[in-house]
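>>> Turn this into a model:
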Amino acid sequence: IVVGMPTHYSAYTLEAQVESDRVLGNVFGAHFVNLYAYFATEYALSDAGITPTAQDLTDLQANKVPTSLRSDGTHLNANGYTLMAQQVYKCGKRLGYWE
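Residues are numbered from 1 along each chain as shown. Okay, the predicted model is just below:
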């Protein structure tokens, strides 16, 4: 399983990250977990049972991981890391790596 970066880093342009994820998806197919594409949507907040705050909605409009899932500008918080683990688990299960 190849896991993409869950957050967008300021030193790495959004366009570069999207292109990198596109290439990884093409190379690794179903073995690639595109975490950024997941976290930069309301699906992640919904999966965590979090009602989006005004700041979360602003973040999503700016293609950022919602503040409610981050501990700072770069790192995920406990909810974010739990969602990350769940996405990797779902990928492994889908691929038959574990039951």
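>>> In the chain, where's the longest helix?
Secondary structure assigned by DSSP state H gives helix 78-94 as the longest helix of the chain.
>>> List the buried residues in it.
79, 80, 83, 84, 87, 91 (16 or more other Cβ atoms under 10 Å). Using the backbone N, CA and C atoms, a C-beta is placed for each residue, glycine as well.
>>> what residue ranges in the protein score low on pLDDT?
For the chain, the stretches with pLDDT under 70 are 8-11.
>>> Just the strands from this protein, written as ranges.
2-3, 32-33 (DSSP state E).
>>> where's the first one relative to the chain centroid, distance-wise?
When distances are taken as Cα atoms, centre = their mean, to the nearest Å, strand 2-3 is centred 11 Å away from the chain's centroid.
>>> What strands line up against that strand, and which way round?
strand 32-33 (parallel) (DSSP bridges).
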